[in-house]
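>>> Here is a sequence together with a model predicted from it:
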Amino acid sequence: MTTVAIEPLALDNFSIVPSWEGSTLRIVFSGNADMDARVALEAFVKRLNGQVLAAKLKRVVCDMRDLYFMNSACFKCLVQWIDSIVKSDVEQQYSLSFIKNPKMPWQARSLESLRHFGPAIVLIKIEP
């Protein structure tokens, strides 16, 4: 199995930590993705997407349960990520599962809307 070796993203109030669960790459988002996080998030997603494509992974899980806020500029980075996957050749496409926190109503509204950008590749779910 080819693995993706990508460094975690750590800012003052926002972090992303990648880890492996079998052959699935899990990305844990936490903190506040405000305007200060946008540039770093955009760069992280581009690097991650390139490495996932190179490794021919089929699934990435984005655990958003500890993400308390995401502004529209950071949210746009996720939309662009989904768009880049959808525009890839079918054999290169992979699925994105977003785990939401039911105690954060903004996540239900915002994350559910991601499905419209990639209905064949985006799954929204709740985990304990």
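Received the coordinates, thanks. Numbering: from 1, shown residues only.
>>> going forward, measure contacts and count neighbours with C-alpha atoms only.
Fine.
>>> Could you double-check that Pro8 lies in contact with Pro18?
Yes - applying CA atoms under 8 Å, one finds Pro8 in contact with Pro18, separated by 6.2 Å.
>>> So between those two, which is more surrounded?
Between Pro8 and Pro18, counted using other CA atoms under 10 Å, Pro18 has the larger neighbour count: 20 against 14.
>>> Assess the claim that the more buried one and Phe44 are in contact.
No - counting by CA under 8 Å, Pro18 sits too far from Phe44 to count as a contact (10.8 Å).
>>> residues in contact with Arg38?
Ala73, Cys74, Cys77 (CA atoms under 8 Å, 6 or more residues apart in numbering).
>>> Is the residue nearest to the last one when sequence neighbours are not counted within a helix or a strand, and which one?
Right, Cys77. Excluding its sequence neighbours, the residue lying closest to Cys77 (CA to CA, 6 or more residues apart in numbering) is Glu42, at 5.7 Å. Of the helices and strands defined by DSSP states H and E, Glu42 is found in helix 38-55.
>>> which residues are in contact with the next helix or strand after that helix?
Following helix 38-55 in sequence order, the next helix or strand is strand 59-70 (DSSP H and E). Strand 59-70 has contacts (CA under 8 Å, 6+ apart) with 24-34, 94-101, 104.
>>> Which of the residues in the next helix or strand along the chain from strand 59-70 are classified as buried?
Counting by DSSP H and E, the element after strand 59-70 in chain order, helix or strand, is helix 72-86. The neighbour-count check on helix 72-86 (16 or more other CA atoms under 10 Å) flags Ala73, Cys74, Phe75, Cys77, Leu78, Val79, Trp81, Ile82, Ile85, Val86 as buried.
>>> pLDDT score assigned to Ala54?
pLDDT for Ala54: 89.
>>> ditto for Asp34
pLDDT, Asp34: 96.
>>> same deal with the one 3 residues further on?
pLDDT, Ala37: 97.
>>> what number of residues lie near it?
Counted with other CA under 10 Å, residues neighbouring Ala37 total 21.
>>> Quick check: the gap between it and Leu9.
Going from Ala37 to Leu9 by CA to CA, to the nearest Å gives 10 Å.
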